[in-house]
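> starting from these lines, generate the structure:
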Amino acid sequence: MTKENAIKLFEDKKIRTVWDNESEKWYISIIDVIQVLTGNERPRKYWGDLKRKLKKEGSQLSDFFGQLKMQSSDGKFYKTDVADVEQLFRLIQSIPSPKAEPFKLWLAEIARERLEEVDDPEKGIERLMEYYHRKGYSVGWINQRLKSIEVRKELTNEWDRRGVKQGQEYATLADIITLGWAGMTTREYKQYKGLKTESLRDNMTNLELVLNMLAEATTTEISKERQPITFKESQHIAQQGGQIAGNTRKEIETQTRQKYRNCLL
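Numbering: from 1, shown residues only. Prediction:
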């Protein structure tokens, strides 16, 4: 199963999704959907109660849901219940919500958009640019952010070639790279910026994006050259890539006479 993790927005609320290239289906976090539809502060409990209710009523719907690892607010990946679009259409009927009908339209729209993007990848880029424009980002920042997505994709492709597993191993290497150039793990970085579920990269300055890209691009090139076999070797390469960008950050601090946290944040 070739998977791509992504965050989708419904009324500015984030919903974690995974695209499976083989089945050409979206798999969507049920917990996130419940939180969006109900506004419940304890969506996991709501889902647990709903599953028991469905089983008591004789419904077998919940038996067909699977689990996939998705990134949590702490930056780590945990297994969570997911459903495809068709399953969600059926599940929503059991969740009283005034947002049910708009959400069904949203589901149909993201399914259609993905198929369009498979045929024409530029459509996905255009939609992403529109999203950032609506959020008020500058053209310069948007261009840097799109480039950072390309650099990150090249890195994860290299990791895939070296047998690095999506989920926890991806997160571990990303932490090593971030610690190398920023002096903080991904989680510490988000805490420093006061972020919870928000995207760290969407809250980076131009300079932060450039340093992060340098760290990731360097890691990619070293990995291509060294061709690591073990995860431990990939960890060492991630450390080297992060440190090279970290040295650049320190040189910037020296030349501008500004401390990193003041000049970037």
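
> can I get stretch 92-102 in CSV, CA atoms only?
Presented in CSV, the C-alpha positions along stretch 92-102 are these (Å, rounded to 0.1, in the frame of the first residue of the first chain):
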residue,chain,number,x,y,z
ILE,A,92,-22.4,10.3,9.0
GLN,A,93,-26.1,9.1,9.0
SER,A,94,-25.5,8.0,12.6
ILE,A,95,-24.1,11.3,13.8
PRO,A,96,-26.7,14.0,14.4
SER,A,97,-25.1,17.3,13.1
PRO,A,98,-26.3,20.4,11.2
LYS,A,99,-22.9,20.1,9.4
ALA,A,100,-23.7,16.6,8.0
GLU,A,101,-24.9,17.7,4.5
PRO,A,102,-22.1,20.3,3.9
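
> buried sites along that stretch?
Of all the residues in stretch 92-102, those buried under the rule 16 or more other C-beta atoms under 10 Å are I92, I95, K99. In short, each C-beta sits where N, CA and C put it, glycine included.

> roughly how far is that stretch from the heart of the chain?
In terms of C-alpha atoms, centre = their mean, to the nearest Å, the gap separating the centre of stretch 92-102 from the centre of its chain is 26 Å.

> do the same with stretch 163-170
Stretch 163-170 sits 14 Å away from the centroid of its parent chain (C-alpha atoms, centre = their mean).

> how about stretch 73-93: buried residues?
Those buried within stretch 73-93 under the rule 16+ other C-beta under 10 Å are G75, F77, T80, D81, V82, A83, D84, V85, Q87, L88, L91, I92.

> please read the previous query as pertaining to stretch 219-237.
T219, T220, I222, S223, P228, F231, S234, Q235, I237.

> among these, name the ones in helices.
T219, T220, I222, S223, F231, S234, Q235, I237 (DSSP state H).

> so of those, which two are at opposite extremes in space?
T220 and F231 (16.4 Å; C-beta to C-beta).

> picking that back up, closest one of the buried residues of stretch 219-237 to R145?
Once C-beta to C-beta is applied, the member of these that ends up nearest R145 is T220, at 18.2 Å.

> where along this structure do the strands fall?
Secondary structure of the chain (DSSP state E): strands at 3-10, 13-20, 25-29, 66-71, 77-84.

> so which of those is nearest W106?
Nearest of the strands of the chain to W106, taken as C-beta to C-beta: strand 3-10 at 5.1 Å.

> in the stretch 1-150 of the chain, where is pLDDT below threshold?
Residues of the stretch 1-150 of the chain meeting the criterion pLDDT under 70: 1-9, 11, 21-24, 62-63, 111-124, 127.

> helices along that one, start to end?
Using DSSP state H, counting those that start in this stretch, the helices of the stretch 1-150 of the chain run over 30-38, 43-56, 85-92, 100-119, 121-134, 139-161.

> helices or strands up against the last one?
In terms of contacts (3 or more C-beta pairs under 8 Å, 6 or more residues apart in numbering; DSSP states H and E), helix 139-161 is packed against helix 121-134, helix 168-182, helix 206-226.

> ranking those helices by burial, who's on top?
Of all the helices and strands packed on helix 139-161, helix 168-182 carries the top mean neighbour count, a mean of 21, counting by mean count of other C-beta atoms under 10 Å.
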